[in-house]
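1. Predicted coordinates and the sequence they were generated for:
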Amino acid sequence: MDLDAVTAIDVHVHIEIDEHGHNSLPDDLVAAVSKYFKADGPRPAIEAVARYYRERQMAAVVFTVDARTQLAHQPLSSVEIARAAAEHADVLIPFGSVDPRTGAAALDLAGRLIEDEGVRGFKFHPTVQGFDPSDEQYAPLWGLLEKAGVPALFHTGQTGIGAGMPGGYGFRLGLSNPMLLDPVAAEFPDLQIIMAHPSVPWQDEALSVATHKPNTWIDLSGWSPKYFPAELVRYANSLLKRRVLFGTDYPLLTPDRWLRDVRGTDLKPEVLPGILKDNAVRLLGLSS
């Protein structure tokens, strides 16, 4: 990847469908998500994602979420995503995903994704995957990622997945409270943890964890910047300016809209280069 040619690194890009037409979520969840987000647009496979970001001179961290236990649904293959990303290494950075509830199988798959497929990090969604990241049974997985030197990106805050469905599809929002990541950050101080999204309704908790634990980061995905909580903007401009990351949640939110809307916020022009690119370069070890 030619970092000089890249204007921004989007650290939060979902691959929702594979080249075989298989979706990352069950059909009823896909329909409900589309209704909730009023997003009936295309869900591009990885080849189209690469073209999209290349046209914008941006790089993208791409991943799926492996929630096979909770959803009883076969996930997209992180191996296939990693191999496709390798064919577009000028713009794509692969993250893997494993289902922590599969125990030893998750450890084995994570190891293979790191050693054989070259993934640069892992994505987790505690609410959709149905697990508490602070539970000690998952400590071996966090230890493996810490030893390998790859970051873990966790969904935090409310989710639109399952919203409006009976019982919210059985999903438990509290599993995505960022405070559950505090003991993980404490026990594994060399594991870099990304707390994804404005963590509403727990934004203050996320800021507390991030200011106390220097191995934690916040990505600004999932929301238009014009809706960012004021406290998040204040910390991004000051105490956390070197640990805040540009992310969109593409395809639900596009980088075009994010960049357009950020101009109307109080994020300082001098902190934006770090947020858009430099902080991710440092976190992911992309510089030579």
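-> Received, thanks. Residues are numbered from 1 along each chain as shown.

2. Check which residues of the helix or strand of the chain with the lowest mean pLDDT are buried.
-> Least confident helix or strand, the chain: helix 27-37 with a mean of 82, by mean pLDDT, DSSP states H and E. By 16 or more other Cβ atoms under 10 Å, the buried positions in helix 27-37 come out as 29-30, 32-33, 36. Quick note: C-beta positions are derived from backbone N, CA and C, even for glycine.

3. same thing with stretch 187-194?
-> Neighbour-count burial for stretch 187-194 [16+ other Cβ under 10 Å]: 188, 191-194.

4. What's the end-to-end length of it?
-> Start-to-end span of stretch 187-194 (Cα to Cα, to the nearest Å) is 16 Å.

5. For it, give the mean pLDDT please.
-> The pLDDT scores in stretch 187-194 average 98.

6. who touches that stretch?
-> Stretch 187-194 has contacts (Cβ atoms under 8 Å, 6 or more residues apart in numbering) with 11, 121, 139, 142-143, 145-146, 149, 151-154, 181, 184-185, 213, 215-219, 245, 283.

7. Of the residues you listed, grab the buried ones for ChimeraX.
-> Selecting only the buried entries of those in ChimeraX, with 16+ other Cβ under 10 Å as the criterion:
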select :11,121,142,145,146,151,152,153,154,181,184,185,213,215,216,217,218,219,245,283
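
8. Using TSV, please lay out the buried residues of helix 27-37 together with distance to residue 84.
-> Listed next are those as TSV, based on distance: Cβ to Cβ, whole Å:
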residue	distance to residue 84
29	24
30	21
32	28
33	23
36	28
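
9. and of these, the nearest to residue 135?
-> Checking these against residue 135 by Cβ to Cβ gives residue 29 as the nearest, at 24.5 Å.

10. quick one: which of the buried residues of stretch 187-194 is nearest residue 47?
-> Using Cβ to Cβ, residue 194 comes nearest to residue 47 of these, at 25.6 Å.

11. The spatially closest residue to the closest one that is not a sequence neighbour is in what secondary structure piece?
-> Spatial nearest neighbour of residue 194, excluding adjacent residues (Cβ to Cβ, 6 or more residues apart in numbering): residue 153 at 4.1 Å. Assigned by DSSP states H and E, residue 153 belongs to strand 152-155.

12. elements contacting that strand?
-> With contacts taken as 3 or more Cβ pairs under 8 Å, 6 or more residues apart in numbering; DSSP states H and E, strand 152-155 sits against strand 122-124, helix 126-129, strand 193-196.

13. Paired strands for that strand, with orientation please.
-> Strand 152-155 has the following sheet partners, assigned by DSSP bridges: strand 122-124 (parallel), strand 193-196 (parallel).

14. So which residues make contact with that strand?
-> So strand 152-155 is contacted by 11-12, 61, 63, 95, 121-128, 133, 142, 145, 176, 178, 181, 191-197, 219 (Cβ under 8 Å, 6+ apart).

15. go again using 7 Å as the cut-off
-> With Cβ atoms under 7 Å, 6 or more residues apart in numbering as the test, strand 152-155 has contacts from 95, 121-127, 133, 145, 176, 181, 191, 193-197.
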